[in-house]
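Novice: pasting the structure only:
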Ligand code: HMG
């Protein structure tokens, strides 16, 4: 059976940076550690005033197409995953295709275009759609271009303000991919939830604390559903476990829950029994609350063990290296997490081809998806081609007062001031609502 998966990937960060410890914390009169240790974030990326979801997505896609030597004829569908769309009719993919057609010979007239929405999980859903399209044999030898692009902005003063971010990830889904092969093993946890939503509004209404619990509940259900298809999971089965990362502190909680689940009844639980006891079993408790309390106590003890710490350092921490510098990118976030892990592996000289990843995607509203992937032979070359470190180093470091002006510039209810903090060079830029985007 021909393998299908992600052949290549490019990341485009918003060109501005808000430092949480140096700039945000003092302005909020908070301890910097709340952000750096509690949430696990150092900085957020923001779009300059000439950037938006279209320009960031088109710039990532252009870099991807150039690097892979592709022309529009090689692409049979363009799916954009976003929860920051500004048009309720025309999909963002048509705007991005328009940008790309301005700079390539040829057009995307015979490519299927769409926009996928389910909060942050839509990026992974678009990859799934592309996979199914290719597996069904409807692609006529062509690749799918999947772009996850968002400006994750919260209202000023919202507790979510510290977790903002902006950027795009462009991915090419093909047969015989160079980066990762997708497996058919997949599990879902999905329920109608109202902790994070944007009904006819740009900035979300959020019950932040509840959103954390909903994330964990759906992720646990998705893992159970995954196991019903793929069989029991064990921590040693997966080299890395990239999760959707609204902030690294969220992943710390999800990872602990996952490790506890995967180690029940295993030699790892046996090995820890003398130190922290055995995992509570539901039938040992009179009611559900007492059982949950016992699980919580067990997890508190588990996270202090060397066994857990070592696994976390190997399988989880490497997935967070980029997100702690850029914040939440909504639909792109889990794809940034995967690349952070592969990048760390490349930097430390690890051989990964053939190893497996377990990917935990999540979108508010709410749905988690867990699926597995196998790292492909060409992964190293793909990682080496990334220029994300240079992009991050070049970001303009905003003062708190400048941050306020940038937030206003991206607020759809305010007049958009096109005051620029950086200078665009050979990229698509926003030029005003109308024609919207051109290349400078
Ligand atoms: P908050 O209430 O300002 O923060 O907002 P807090 O008081 O809960 O503190 C955060 C952590 O820092 C806590 O750690 C504190 O103990 C710690 P925890 O107990 O959780 O482990 N802390 C400190 N640590 C060290 N030194 C200190 C210190 N002070 C505090 N001095 C909240 C937190 C997550 C609620 C907020 O950021 C928020 O509302 N965020 C937006 C919603 C969100 O990201 N939810 C995540 C799950 S939902 C999701 O991922 C979907 C999403 O991406 C959207 C989509 O799918 O479209 C958001």
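Specialist: Okay, I see it. Every value quoted in this text rests on a predicted model; they were computed, and no experiment measured them.
Novice: quick one, strands of the stretch 151-300 of the chain?
Specialist: 165-175, 180-190, 196-197, 205-206 (DSSP state E, counting those that start in this stretch).
Novice: stretch 19-34: end-to-end distance?
Specialist: By Cα to Cα, to the nearest Å, the extent of stretch 19-34 from end to end equals 13 Å.
Novice: look up the closest residue to residue 164, ignoring the ones flanking it.
Specialist: Spatial nearest neighbour of residue 164, excluding adjacent residues (Cβ to Cβ, 6 or more residues apart in numbering): residue 44 at 4.8 Å. C-beta: built from backbone N, CA, C; applies to glycine.
Novice: up against the ligand, what does the protein have?
Specialist: 31, 33-34, 37-39, 83, 119-120, 159-160, 162-163, 196, 206, 208-209, 211-212, 215, 244, 246, 249-250, 328, 330, 362-364 (Cβ under 6 Å from any ligand atom).
Novice: can you name the residues bridging to residue 362?
Specialist: residue 368 (DSSP bridges).
Novice: quick one: low-confidence parts of this protein?
Specialist: Scanning the chain with the threshold set as pLDDT under 70 gives 433-440.
Novice: which of the residues of the chain next to the ligand fall within helices?
Specialist: If you go by DSSP state H, those have 33, 208, 209, 211, 212, 215, 249, 250 in helices.
Novice: quick one: buried ones out of the residues you listed?
Specialist: Those of these that meet the buried threshold are 211, 212, 215, 249, 250, by 16 or more other Cβ atoms under 10 Å.
Novice: dihedrals phi and psi, residue 329?
Specialist: The phi and psi values for residue 329, taken as degrees, to the nearest 10, are phi -110, psi 20.
Novice: quick check: it touching residue 340?
Specialist: No. Using Cβ atoms under 8 Å, residue 329 is not in contact with residue 340, being 11.9 Å away.
Novice: quick revisit: who's the residue nearest to residue 164 bridged to?
Specialist: Beta-bridge pairing for residue 44 (DSSP bridges): residue 18.
Novice: residue contacts, the residue of the stretch 251-400 of the chain found nearest the ligand?
Specialist: In the stretch 251-400 of the chain, the residue that lies nearest the ligand is residue 364 (3.7 Å; Cβ to the nearest ligand atom). Contacts for residue 364 (Cβ atoms under 8 Å, 6 or more residues apart in numbering) come out as 119, 120, 193, 195, 196, 197, 204, 211, 214, 215.
Novice: repeat the analysis, applying 7 Å as the threshold.
Specialist: Residues in contact with residue 364 (Cβ atoms under 7 Å, 6 or more residues apart in numbering) are 119, 120, 193, 195, 196, 211.
Novice: using the three-state scheme, assign residue 23.
Specialist: Assigned with DSSP: H, G, I helix; E, B strand; the rest coil, residue 23 falls in the helix class.
Novice: if we ignore the residues flanking it in sequence, what's nearest it?
Specialist: Sequence neighbours aside, residue 400 is the residue nearest to residue 23 in space, at 5.3 Å (criterion: Cβ to Cβ, 6+ apart).
Novice: how much space separates the spatially most central residue of the chain from residue 363?
Specialist: Closest to where the C-alpha atoms of the chain average out (Cα atoms, centre = their mean) is residue 333, at 1.4 Å. Residue 333 is 10 Å from residue 363, where distance means Cβ to Cβ, to the nearest Å.
Novice: what's the answer for residue 311, then?
Specialist: Relative to residue 363, and taking Cβ to Cβ, residue 311 is found at 26 Å.
Novice: please apply the same query to residue 73.
Specialist: For residue 73, the distance to residue 363 - Cβ to Cβ - is 33 Å.
Novice: not counting its neighbours along the chain, what's nearest residue 342?
Specialist: residue 383 is the one closest to residue 342 (Cβ to Cβ, 6+ apart), at 5.0 Å.
Novice: ok, that neighbour - contacts?
Specialist: By Cβ under 7 Å, 6+ apart, the residues touching residue 383 are 342, 343, 346.
Novice: next: residue 165.
Specialist: Residue 165 makes contact with 44, 45, 152, 326, 327, 328, 329 under the criterion Cβ under 7 Å, 6+ apart.
Novice: tally of neighbours for the fifth one?
Specialist: Each residue near residue 327 was counted by other Cβ atoms under 10 Å, and the total is 30.
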